[in-house]
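> Can you look at this prediction? I've put the sequence above it.
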Amino acid sequence: MPEVADFPNRHDWSRAEVEALFALPFPELLHRAACAHRQHFDPSEVQVSTLLSVKTGGCPEDCGYCPQAARYHTGVAATKLMETEAVAERARQAKAAGATRFCMGAAWRSPKDRDIPKVAAMIRAVKALGLETCATLGMLSGAQAQALKDAGLDYYNHNLDTDPEYYGDIIHTRQMQDRLDTLTHVRDAGLKTCCGGIVGMGESRHQRAGLLQTLANLPAHPDSVPINRLVQVEGTPLHGTVELDPFEFVRTIAVARILMPKSMVRLSAGRETMSDELQALCFLAGANSIFYGEKLLTTGNPDTAHDQALFARLGLRPMAVESVPDDRIDACTTTVHAGITEAA
């Protein structure tokens, strides 16, 4: 098999190859993922983002995991879009706590054109603080994506959520193609993409492999790949789903790192219930980005003091804004992809 250095941006993964990676013995999989990580990143650095819900609840979609869907009774009250100065103040606090990227999320199926100038003002205010900017607002038209780019937006988040084969079991009000179309608009506008999914929604390993295969075979690998572990919220259809085995979650992180070696692989939702030991395994498996702060949209997250203490215990440090992937090839990269067919 080729070495990882031979195809750092490969986009032709088969499902069998991805499943073969999942099936590797756990120590071997983590070794290969760590090698792929070291090829492009300093493994002691973690990119730190903060996420703020600038417009919460009232979403017309029926995503089975989401407490912000208006049709579910989850105790999440709908709010209006925040004022720009209030958003800027939260961004100042995030920067003071060590965040380098600030993401603004709004519970829309898609923003109306009249909403874009308000979000653009938020983006400009956050950008003026020296932070990277990210937004997740639902589906976008090409013109909307370009307007956000013109305002200074760096990243746009739009997750695929799950394997295309399993998608219809989770969401009925939006098709997978709608998500792919938005990602096309975002790339065409010159924005960086933040695109991942959620695991632990009752999907099989075959379907987890399908999610990662789809992400890795996009026209361009996402710049950031958030891997969310389902946060079960009472009142949503997925409440009561059997929880994903923690080692299977680590395997998912490791396979994502191997498939998309230059992407930031982010521990996103679900980190509040992860032990320090589980998070450490995820960092070893190639995760190099986290959301920082006490809340992710409407669900909990470890507080900043706990994260700072964990970083200190592990010898990790926040990644600077200017850090970019480079070629950190070392001897261990020669075995990252060797034998994945044999493991099938």
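On my side now, so go ahead.
> nearest spatial neighbour of Val233, skipping sequence neighbours?
Spatial nearest neighbour of Val233, excluding adjacent residues (CB to CB, 6 or more residues apart in numbering): Pro67 at 4.2 Å. C-beta here means a position set from N, CA and C on the backbone, and glycine is covered the same way.
> secondary structure class for that neighbour?
Local secondary structure at Pro67 is given as coil here, using DSSP: H, G, I helix; E, B strand; the rest coil.
> what about it, neighbour count?
24 (other CB atoms under 10 Å).
> these two touch, right, it and Leu230?
No - look at Pro67 against Leu230 with CB atoms under 8 Å: they stay out of range, at 11.7 Å.
> So Ala269: helix, strand or coil?
Taking three-state DSSP, the label given to Ala269 is coil.
> From Asn159, how far off is it?
For Ala269, the distance to Asn159 equals 10 Å [CB to CB, to the nearest Å].
> Identify the contacts common to these two.
Residues within reach of Ala269 and of Asn159 at once, by CB atoms under 8 Å, 6 or more residues apart in numbering, are 198, 226, 228.
> I figured the last one hits Met201, correct?
No - with contacts counted by CB under 8 Å, Asn228 stays clear of Met201, the gap being 9.6 Å.
> Can you list the residue ranges for strands in the stretch 151-300 of the chain?
155-157, 192-194, 197-199, 224-229, 264-267, 289-291, 295-296, 299-300 (DSSP state E, counting those that start in this stretch).
> Reformat those as TSV; add mean pLDDT, distance to Ile170 and mean neighbour count.
Formatted as TSV, the strands of the stretch 151-300 of the chain follow (pLDDT from 0 to 100; distance: least, CB to CB, whole Å; neighbours: other CB atoms under 10 Å):
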stretch	mean pLDDT	distance to Ile170	mean neighbour count
strand 155-157	97	18	24
strand 192-194	97	20	22
strand 197-199	96	8	25
strand 224-229	95	13	25
strand 264-267	95	20	25
strand 289-291	89	22	25
strand 295-296	45	19	18
strand 299-300	44	17	15
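> Any chance of TSV for these, columns distance to Gly315?
Listed next are the strands of the stretch 151-300 of the chain as TSV, based on distance: least, CB to CB, whole Å:
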stretch	distance to Gly315
strand 155-157	27
strand 192-194	27
strand 197-199	28
strand 224-229	23
strand 264-267	17
strand 289-291	16
strand 295-296	26
strand 299-300	26
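> Name the SS class of Ala91, please.
helix.
> mind checking the SS state of Ala125?
helix.
> and it, what does it touch?
84-85, 87-88, 91.
> Out of those residues, who's the most crowded?
Highest neighbour count within the contacts of Ala125: Ala91, with 24 neighbours (other CB under 10 Å).
> Quick check: it touching Thr100?
No - contact between Ala91 and Thr100 fails when scored by CB under 8 Å: they sit 11.3 Å apart.
> shared neighbours, the two?
Leu131.
> Spatially central residue in the chain, please.
Here the mean C-alpha position of the chain is nearest to the C-alpha of Pro226 (CA atoms, centre = their mean), at a distance of 1.4 Å.
> Any idea what it is bridged to?
With DSSP bridges as the criterion, Pro226 is bridged to Arg266.
> ok, it - contacts?
Taking CB under 8 Å, 6+ apart, we find Pro226 in contact with 157, 159, 194-197, 266, 268-269, 289.
> and if we set it to 6 Å?
By CB atoms under 6 Å, 6 or more residues apart in numbering, Pro226 lies in contact with 196, 266, 268.
> ok, now Met139?
Counting by CB under 6 Å, 6+ apart, Met139 has contacts 110, 178, 182.
> Any idea how many residues pack against the last one?
When neighbours are defined as other CB under 10 Å, Thr182 has 24 of them.
> I'd say it and Leu160 touch.
No - using CB atoms under 6 Å, Thr182 is not in contact with Leu160, being 10.5 Å away.
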